[in-house]
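J.: Next one to model:
(one chain, ligands or ions: 1)
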Amino acid sequence: MYKIKKEKKNHSMLNKEVLNLINEQIWLENNASFYYLKLSIDFNDKGFSGISNFFLNQSHEERDHMIKLISYIMEKDCSPSLPQYNFMEDKEETFNVLSHFENSLYNEKEVTMSINKIVSKCKEVGDYTTENFIQWFVIEQREEENKFKEIIDNLKIIGDDGLGLYHLNKELGIISPPTI
Ligand code: FEO
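T.: Modelled structure (predicted):
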């Protein structure tokens, strides 16, 4: 029987530097997903089931972002670099509700800077298709940063008030239903 020879994908449809930056982004999204998963476990351990669900949803979202980037690279007939799934930087943090959210916002800002780097590179090399694709992430990052900022503001108002924390935990649980 006649066999169709599989052609090797060797003519990249993505600029090498753009591809490298997207691969770095995949790594960051994977890390964020694991970081939020860890926070989900930590908050659950401390009895904050609502906040735990919030971070579980965040973890799912970050994984979706990673898949979105991987799919785009494949669409362009290139091969994405898969991050190590069990990799997690040593994030030994003392449990503190406010600082966990502040660290999350800090990480989101890092992600935003990384996304901006991709946009700049796309402009530099004239890759308008990828620039258009990555704009989705620009909007997403604006929303993510605002979401964390709002929760941090509320936590600062709450301070050590247990009742305030009880309500925040409940509220975040309502907007983050279990995803299983
Ligand atoms: Fe996908 Fe929150 O960065």
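J.: can you tell me if stretch 109-123 touches the ligand.
T.: Yes - interface with the ligand: stretch 109-123 contributes residue 111 (Cβ under 6 Å from any ligand atom). C-beta coordinates here come from the backbone N, C-alpha and C atoms, glycine included.
J.: buried sites along that stretch?
T.: Across stretch 109-123, burial judged by 16 or more other Cβ atoms under 10 Å covers 111, 112, 114, 115, 118, 119, 121, 122.
J.: how about the residue lying closest to the fourth one once chain neighbours are set aside, what does it touch?
T.: Taking Cβ to Cβ, 6 or more residues apart in numbering as the measure, residue 115 lies nearest to residue 137, with 4.8 Å between them; neighbours along the chain are not counted. Counting by Cβ atoms under 8 Å, 6 or more residues apart in numbering, residue 137 touches 25, 65, 115, 118.
J.: what do you get if the cut-off is 10 Å, keeping everything else the same?
T.: Shown in contact with residue 137 (Cβ atoms under 10 Å, 6 or more residues apart in numbering): 25, 29, 65, 68-69, 111-112, 114-116, 118-119, 144.
J.: helix or strand for residue 93, which one?
T.: Counting by DSSP states H and E, residue 93 is held by no secondary-structure element, helix or strand.
J.: what number of residues lie near residue 71?
T.: Counted by other Cβ atoms under 10 Å, the residues lying close to residue 71 total 11.
J.: mind checking how far the residue nearest to residue 115 is from residue 108?
T.: Applying Cβ to Cβ, to the nearest Å, the value for residue 137 to residue 108 is 12 Å.
J.: intersection of neighbour lists for the two?
T.: Listed as contacting both residue 137 and residue 108 by Cβ under 10 Å, 6+ apart are residue 144.
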